[in-house]
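J.: Below: sequence and its predicted model.
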Amino acid sequence: MGSGESTMVAPEVKQAVDKLIKSNKVMMFSKSSCPYCRMAKQVFNEIGENFGLVELDQHEDGSSMQDYLGQLTGARTVPRVFIRGQCIGGGSETQSLYRSGQLKTMLA
């Protein structure tokens, strides 16, 4: 089947996303109006954990970034939350990991 390369993403967009994921302990790709994104942000704010943030709907390359995140993680949905370079999923997954106590372990 397909390799996820159906949409060509510029190398500089890939590099920018990869660098953000690598240089932030917690990195979130979000949309400003998304309730699941607000849920994920609230979790990190509640536990006092700083996180890198790109609001894709307010970024000139947001659509391309979202295409690349889809290739990278298998889903284009937002938020896409990364901890230490590993995608943990979206808002529901972030909240679930928080409630189970696993999120604090992942961040420790």
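T.: Yep, that arrived.

J.: Spatially nearest residue to residue 58 (excluding sequence neighbours)?
T.: residue 32 (6.1 Å; CB to CB, 6 or more residues apart in numbering). Every C-beta, even on glycine, is put in place using the N, C-alpha and C of the backbone.

J.: what bits of this structure have low per-residue confidence?
T.: 1-6 (pLDDT under 70).

J.: what residues are up against the residue nearest the centre of the chain?
T.: Taking CA atoms, centre = their mean, the centroid of the chain lies closest to residue 80, which sits 2.6 Å from it. Contacts for residue 80 (CB atoms under 8 Å, 6 or more residues apart in numbering) come out as 28-29, 69, 73, 87, 89-90.

J.: In strands, which of these appear?
T.: 28-29, 87, 89 (DSSP state E).

J.: Spatially nearest residue to residue 104 (excluding sequence neighbours)?
T.: In space, residue 104 is closest to residue 47, 6.9 Å off (CB to CB, 6+ apart).

J.: isn't that neighbour right next to residue 105, touching?
T.: No - the criterion here is CB atoms under 8 Å, and residue 47 misses it with residue 105 at 11.9 Å.

J.: Count the neighbours of residue 42 for me.
T.: 14 (other CB atoms under 10 Å).

J.: Name the residues of the helix or strand harbouring it that are buried.
T.: Assigned by DSSP states H and E, residue 42 belongs to helix 35-46. Going by neighbour count (16 or more other CB atoms under 10 Å), the buried part of helix 35-46 is 36-37, 39-41, 43-44.
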